[in-house]
Structure formats: structure tokens, C-alpha cells
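[1] my questions are about this predicted structure, shown below with the sequence.
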Amino acid sequence: MVGSFLTRRRFIEAGGSIAATSLIASAGTAAPGQTSGAASVKGQPMPDGVKLPATPPRPRAPDSVGFAIVGLGGYALNQMMPRFKDAKRAHIAAIVSGSPEKLQRVGDAYGIPANARYSYEDYAKLASDKRVDAVYIVLPTGLHADWAIRAFAAGKHVLCEKPMALSSADCERMIAAGKRANRKLMIAYRSHFEPYNLEAMRLMKEKAAGDIRLLRTEQSYRMGPTSPAENWRTSRALAGGGPLEDYGIYGLQSALYLTGEMPESISATTFRPTGDPRFAEIFAHVSSQWRFPSGAVAQLVSSYDSAGINFAEVRGTTGVLSMNPATSYAGQKMQLNGRELTPGDPGVQFVGQIDHFANAVRDGTPILTPGEMGLRDTRLIEAIYESARTGRTVKLAPDAKMRA
Ligand code: NAD
């Protein structure tokens, strides 16, 4: 049913597929009163429908990594915080929010001591809080860089939500700050810990569809009526160009990890309708075409104004791998040459990334999705926008730092 609006969370929770379109119409994810272009952090009321835990967490491992959760919005409250109870080596040690009401309700529900509930003004005090080893940045994207850099200055490791930041310069600042502080930086690209995507990577590496010739990805949903003043996802300062950074990043990542290649050229187009407050500052659609050194081509589409889909397909010389939904929270479906594959429970991706990061912090094991990967992807996003702006194909020099 094209024409219905969904909140982003409800769409993706429902599997990110067209089947989800029976859900009820609703406005955007942020509360009214939010101003566009805000460079500062702000408190918001609790989102609707948050289920807070009723039971205390299990006993911790002696070397469990203590996390401060920075930003108590929809994704933190509904997806990530509830998964910490299943982590082998991580726990929530502190919370940071601009809303005293959220600090109290969430702090009480998670058993966070009163002196481990921080406002943004008190953020620097984390430096002397020995209970906190790492921070998890779950703020609007335009705020990631500054709050990650401040966390490094406080001597903490950083797990940062995707997309890493809105410019490659900000990504570089984050990486440099982490190195200076000798602390770890990981981007929360959950698909690298999700059984369907891991199996798809393995199959493509084994050439289960032969040599890859074509790849298509599409990440779209129809955003409800809103404006930059109401929803940070439509604010250029906080969300960049919009659907590509927020949702299309999954297709961009898939194109890289399924082909195992970096593109050598990109051509792109964007569309921003006039007179629609949702698209006063961001694009409605971003579409790009990539060519890889092997000769394979990819088409990537992301949209905030078309019926929902979360899709990836690879066509090779001997077969087809199809994923729909491809990178959702749950409900993944995957076929190889028409045969249904069920490699595991997508639900493990959330805690998988938490434990992976905790192991890197404690044992120094390599991070699969480091800051350099977030920088690589941000550079590709910049190339997409450059092509769309200039109307020219952008050629990408082979760069070891940008390996797929
Ligand atoms: P949200 O709007 O639900 O929450 C944002 C939080 O940031 C709120 O608690 C809000 O109070 C706070 N905030 C602080 N300053 C703000 C400001 N100036 N404007 C607006 N909010 C401000 O957003 P979300 O969906 O939780 O997204 C947060 C981050 O998580 C984003 O980086 C997003 O890309 C990422 N995310 C990742 C996934 C994933 O699957 N990995 C899914 C959803 C969101």
C-alpha cells in the first residue's frame, strides 16, 4: 500500500519489507520542538512504546567492559540497551541524556546508580568514573564526531553508531583522537555480526554465484509528515543528505562486502522535491551506479519517499543471491538460485557487536568494523554527492586505505 507512512523504527523492526506496510501511519521519530541545524545536544521525552526491563541484569564477568550509553533515543532504548543482558563481557555502567526524566526512568529500570546518570553538561566527569571503560554514541549523526572526540579526551574507548559522521574530515578527526588517546574506535555496523550477511559474504567469496556481474541494493521507506524542526533525520546539519547516510549505508556496505571490491568510478543522481517540508533540507532519493575493477556494476538506491524495501541482489555468471529483507533487525530472507537459506538468528547481531568490541578493549583483538571503515564509507558517500552535484562520473583512485 504505497501512500502509507511508517515510522522508521516500526518499518525496520517489522523486517523492513513490503509486508510491513500494514503498520499504522505516524509522524517522524523526534519530538516537536527540535530545531534544525542544532549543533548542540538536547533532551527529548521518552519515545512511545519503550519497554524497560523489569528484571535485574545477570552477574557480570570479572573483566566485563562498562559502557556509558550516550543518547537515550529510540535505537538505544528499544534495540541496544535490552541486548546488554546477553553480553558475555559488557554491561551498562552509566547513561548520558539531556532529559532528567529519561535519566530517572531508564536509570531506575536498568539499576544504574544515581551517580552514574550524567547530563551532557557533566559529560567530562566520565573521565574520573572508573566504572566506565567505553562510551556508546547513539546520538544524531551530526553529533557523533564531537561526542566521540570528547569521550577519547576522557580516556574512554568508543563504539559509535553508523554512519560514523557527516564528513571525511570529521571521521579523520575521530580516528586521530582515538589514536592520540590510545583507545579503540568501532563503528556499529551490525550486519558484520548477522548470520545472513556473514553467510552471504562467505558464499560470494566462494563464488557461489560465479563471477559477480551485477549488484543491486535498495533501502527505502516512506517517511511520515515532518520537518527539520521536528525530526533530526530531515535536518541537513544532523543527517547530511538524508536517506543515503541513514539507510542506504546498508546497501553501500553490502555492495562492498558482497563484491569484495572497491569501485573505480561512481555516477549518481539525487532528487529533492520542492514544497515538501520533509525535504526542505535533505534529499528524497539518492541513486548511484558503481563500476568495479572486475567489470561488475552496482546500482544503489535509497529513498525516504517510496514504499518500503530493504533489498540486495547479486547476479553472477552462474547464479543469483537475493536478500529481502537484507539487513533488518529481524526477519531476513535469503535465496541462492531460488533455494531458501536460513543460516541463523539475525537477532544475535546486536550482542555480537557488543561482545566483539568488548573483546577488542580487553584483549586487543582486531576490530572488524573500525573507524577506518566508517571513513572509507563516508568518502564514498562524498563521491556520490559530488557526482550528483557536478553531473559527472567520479573516478576513484585505487587507495589501500579504501579497501573493501
Ligand atoms: P532518535 O531520534 O530516536 O534518538 C536520538 C537521541 O539523541 C534522543 O535521545 C535525543 O534526545 C538525543 N539528542 C541529543 N541532541 C539532539 C539533537 N540536537 N537533536 C535531536 N536529538 C538529539 O534517533 P535514533 O534512531 O535512536 O538514532 C540515533 C543514532 O543511532 C543515529 O546515529 C542512527 O543512525 C543510529 N541508528 C542505528 C541503527 C542501526 O540499526 N544500527 C538504527 C537506528 C538508528
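    That came through fine.

[2] show me what contacts the residue of the chain found nearest the ligand?
    Residue nearest to the ligand within the chain: G73 (1.7 Å; CB to the nearest ligand atom). Every C-beta, even on glycine, is put in place using the N, C-alpha and C of the backbone. With contact set as CB atoms under 8 Å, 6 or more residues apart in numbering, G73 has these partners: 29, 44, 47, 138-139.

[3] what's the answer for W290, then?
    W290 neighbours (CB under 8 Å, 6+ apart): 255, 263, 265-266, 297-300.

[4] quick one: those as a markdown table, columns for neighbour count and secondary structure too.
    Below are those laid out as a markdown table (neighbours: other CB atoms under 10 Å; DSSP: H, G, I helix; E, B strand; the rest coil):
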| residue | neighbour count | secondary structure |
| --- | --- | --- |
| A255 | 26 | helix |
| P263 | 25 | coil |
| S265 | 16 | strand |
| I266 | 21 | strand |
| V297 | 16 | strand |
| A298 | 26 | strand |
| Q299 | 16 | strand |
| L300 | 26 | strand |
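
[5] and those residues, which is closest to G344?
    A255 (22.7 Å; CB to CB).

[6] ok, that closest one touching L300?
    Yes - between A255 and L300 a contact is recorded at 6.1 Å, counting by CB atoms under 8 Å.

[7] shared neighbours, these two?
    217, 290.

[8] which SSE is the closest residue to Y136 other than its chain neighbours in?
    Spatial nearest neighbour of Y136, chain neighbours left out: L159 (4.6 Å); criterion: CB to CB, 6 or more residues apart in numbering. Following DSSP states H and E, one finds L159 within strand 157-160.

[9] now do S328
    Here S328 is assigned to no helix or strand, by DSSP H and E.

[10] now do F357
    Going by DSSP H and E, F357 is in helix 348-363.

[11] again, but for A312
    Assigned by DSSP H and E, A312 falls in strand 305-316.

[12] okay but L166 is in contact with E245, surely?
    Yes - at 7.0 Å, L166 counts as touching E245 under the criterion of CB under 8 Å.

[13] identify the contacts common to these two.
    141, 239.

[14] the ligand contacts on the stretch 51-200 of the chain?
    Within reach of the ligand by CB under 6 Å from any ligand atom, the stretch 51-200 of the chain has these residues: 71-76, 98, 138-141, 143, 161-162, 188, 190.

[15] determine which two of these are furthest apart.
    The widest separation within these, taken as CB to CB, falls between G98 and R190 and amounts to 25.5 Å.

[16] more neighbours, the two?
    R190 (24 against 16; other CB atoms under 10 Å).

[17] from the contacts of G73, which two are the most distant?
    Farthest-apart pair in the contacts of G73 is P47 and L139; separation 14.3 Å (CB to CB).

[18] between the two, which one's more packed in?
    Set P47 next to L139 and count neighbours by other CB under 10 Å: L139 wins out with 23 against 19.

[19] ok, back up a step: within the sheet, what are the partner strands of the strand holding A312, with directions?
    The strands beside strand 305-316 in its sheet (DSSP bridges) come out as strand 212-222 (antiparallel), strand 320-323 (antiparallel).

[20] which strands and helices sit next to the helix or strand following the last one?
    So the one you mean is strand 320-323. Under the assignment DSSP H and E, the closest C-terminal helix or strand after strand 320-323 is strand 334-336. Using 3 or more CB pairs under 8 Å, 6 or more residues apart in numbering; DSSP states H and E, the elements in contact with strand 334-336 are helix 195-205, strand 320-323, strand 339-341.

[21] adding distance to R216 and mean neighbour count, write these out as TSV.
    As requested, these are arranged in TSV below (distance: least, CB to CB, whole Å; neighbours: other CB atoms under 10 Å):
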stretch	distance to R216	mean neighbour count
helix 195-205	14	19
strand 320-323	10	20
strand 339-341	19	11
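
[22] any chance of those in TSV, with mean pLDDT too?
    Shown next, in TSV, are these (pLDDT from 0 to 100):
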stretch	mean pLDDT
helix 195-205	98
strand 320-323	98
strand 339-341	98
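
[23] out of those, nearest to E372?
    Comparing these by CB to CB, helix 195-205 comes nearest, at 18.3 Å.

[24] and the helix holding F357 with helix 195-205, angle?
    Relative orientation of helix 348-363 versus helix 195-205 (axes from the mean of the first three to the mean of the last three CA atoms, to 10 degrees): 80 degrees.

[25] any part of helix 348-363 near the ligand?
    No - Helix 348-363 lies out of reach of the ligand by CB under 6 Å from any ligand atom, never closer than 8.6 Å.

[26] show me what that helix packs onto, helices and strands only.
    By 3+ CB pairs under 8 Å, 6+ apart, helix 348-363 packs against strand 65-70, helix 81-83, strand 90-96, strand 134-137, strand 157-160, strand 185-187.

[27] all strands for the stretch 151-300 of the chain, in order.
    With strands called from DSSP state E, counting those that start in this stretch, the stretch 151-300 of the chain shows them at 157-160, 185-187, 212-222, 265-271, 285-291, 297-303.

[28] can I get these in JSON lines including mean pLDDT and distance to R233?
    Below are these laid out as JSON lines (pLDDT from 0 to 100; distance: least, CB to CB, whole Å):
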{"stretch": "strand 157-160", "mean pLDDT": "99", "distance to R233": "17"}
{"stretch": "strand 185-187", "mean pLDDT": "98", "distance to R233": "19"}
{"stretch": "strand 212-222", "mean pLDDT": "98", "distance to R233": "11"}
{"stretch": "strand 265-271", "mean pLDDT": "98", "distance to R233": "16"}
{"stretch": "strand 285-291", "mean pLDDT": "98", "distance to R233": "14"}
{"stretch": "strand 297-303", "mean pLDDT": "98", "distance to R233": "12"}
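
[29] and the residue of the chain closest to the ligand, how far is that from L238?
    Per CB to CB, to the nearest Å, G73 is found 12 Å from L238.
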